[in-house]
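> next come a sequence and a model predicted from it.
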Amino acid sequence: MTTDDDIKYDRSLLGVSNSLGQFRVTAKMILDFAQSTGETNPVYSDEARAKESEFGSLIAPPTFCNVFVNGLSRPDIKLEFGDIGFFAGQAVESLAPIRPGDTLNASTKLKEVYAKTGRSGKMVFTVWETSFTNQNDEDVARVQESYVRRNSRKQ
């Protein structure tokens, strides 16, 4: 990875937290997510069996916060590079159980912007980190997403 001070973007957004709103979690949301992802662990997919588990209730699978992250609108960093952009990857960190009845507060921040050279030439990566806390202000999940921009032709 090489840093590049010549990358043009709105640097005032770097590290600044932006609220994305609140999301109320229901048992149906958890069960639907578990079913749609093929999750069969009873703590995520069977309310009766989950009550008998160490958690004492149904909890959301670790990647559940993807439901809220997908399609979110982030601030425009006014990146002046490339004519093609696409999703480059994601990492989800589960920090505490998410339960039915929780109200999640989400906030996102631009974590870093950096340049890298690959087979197609120079690419600029933007990394966003979205944090989720519950109604008790407990950190429950962190989702880091990377996006890349490059030129359609090798320069």
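Yep, that arrived.
> got the phi and psi for Pro62?
phi -60, psi -30 (degrees, to the nearest 10).
> ok, Leu31 next?
phi -60, psi -40.
> which stretches in the chain count as strands?
18-24, 84-94, 103-118, 121-133, 139-150 (DSSP state E).
> let me know which of these is the nearest to Tyr44.
strand 84-94 (11.6 Å; C-beta to C-beta). For every residue, glycine as well, the C-beta is placed using N, CA and C.
> now render the strands of the chain as TSV, adding distance to Ala50, mean pLDDT and mean neighbour count.
Shown next, in TSV, are the strands of the chain (distance: least, C-beta to C-beta, whole Å; pLDDT from 0 to 100; neighbours: other C-beta atoms under 10 Å):
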stretch	distance to Ala50	mean pLDDT	mean neighbour count
strand 18-24	19	93	13
strand 84-94	16	95	13
strand 103-118	19	95	16
strand 121-133	20	96	19
strand 139-150	17	96	19
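> got those as TSV, with distance to Asp5 columns?
As requested, these are exported to TSV (distance: least, C-beta to C-beta, whole Å):
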stretch	distance to Asp5
strand 18-24	24
strand 84-94	21
strand 103-118	10
strand 121-133	12
strand 139-150	17
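> which of the ones you listed sits closest to Gly71?
strand 18-24 (10.9 Å).
> dump that closest one to CSV, keeping only the CA atoms.
Only the C-alpha atoms of strand 18-24 are listed here, as CSV (Å, rounded to 0.1, in the frame of the first residue of the first chain):
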residue,chain,number,x,y,z
ASN,A,18,-21.8,10.8,10.6
SER,A,19,-25.1,9.5,12.1
LEU,A,20,-26.9,7.1,9.9
GLY,A,21,-30.0,6.7,12.2
GLN,A,22,-31.6,4.2,14.4
PHE,A,23,-32.8,0.7,13.5
ARG,A,24,-35.2,-1.3,15.6
